[in-house]
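Chemist: Dropping a prediction and its sequence here:
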Amino acid sequence: MTSVHTTRQKEPAQQAWAGGLTVFAAIMLGITGVAGIVRGIMAIAKDDVFVITPDYVFKFDLTSWGWIHLALGIAAILVSFGLSRTSTWSRIVGVGIAALVIIANLLSLPYYPAWSILVIAISGFVIWALCVVKRD
């Protein structure tokens, strides 16, 4: 009888934990999206914040990197709104967008290294949070 009672107490705690992780992922993905939009606008405007690396293997024009980060930022914000409804599609797309954000920041690491490392870490936590949530 106590095991049945204990199981019922664990279920609401697990649901609250899962809900908390989804909210965490939504907020972090939204912050990453806003940062991507700002970074994209800075790159498109050819701001002096970025350092141009002459001998980089993945050499793109700074404007190209700006459009890539801008598009990923907009997608990240849209998916973060979808995560507030805890839908399965938004979790799957959220993992995909966070993975693309990691790849884009890894490739643009020489242009703005400190911020790229921070965004890679945040996106890694977003992927973790979206993957560990189990829905019935």
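Modeler: Yep, it's here. Residues are numbered from 1 along each chain as shown.
Chemist: The residue nearest to Val126 when sequence neighbours are not counted - how many residues pack around it?
Modeler: Leaving aside its chain neighbours, Val126 sits nearest to Ala98 (4.4 Å; criterion: C-beta to C-beta, 6 or more residues apart in numbering). For the C-beta atoms, the positions are set from N, CA and C on the backbone; glycine is no exception. Neighbour count for Ala98, taken as other C-beta atoms under 10 Å: 28.
Chemist: same deal with Ser87?
Modeler: 12.
Chemist: gap between it and Val133?
Modeler: 12 Å (C-beta to C-beta, to the nearest Å).
Chemist: pretty sure Ala25 is touching Cys131, no?
Modeler: No. With contacts counted by C-beta atoms under 8 Å, Ala25 stays clear of Cys131, the gap being 9.5 Å.
Chemist: Tell me who's in contact with Thr32.
Modeler: Residues near Thr32 by C-beta atoms under 8 Å, 6 or more residues apart in numbering: Gly73, Ala76, Ala98, Val101, Val119, Ile122, Ser123, Val126.
Chemist: which element is it on?
Modeler: helix 2-44 (DSSP states H and E).
Chemist: packing partners for the helix or strand containing Ile74?
Modeler: Using DSSP H and E, Ile74 sits in helix 62-83. Counting contacts by 3 or more C-beta pairs under 8 Å, 6 or more residues apart in numbering; DSSP states H and E, helix 62-83 is packed against helix 2-44, helix 88-107.
Chemist: and if we set it to 10 Å?
Modeler: helix 2-44, helix 88-107, helix 113-132 (3 or more C-beta pairs under 10 Å, 6 or more residues apart in numbering; DSSP states H and E).
Chemist: Show me how far that helix is from its chain's centre.
Modeler: The chain centre lies 10 Å from the centre of helix 62-83; the measure is C-alpha atoms, centre = their mean, to the nearest Å.
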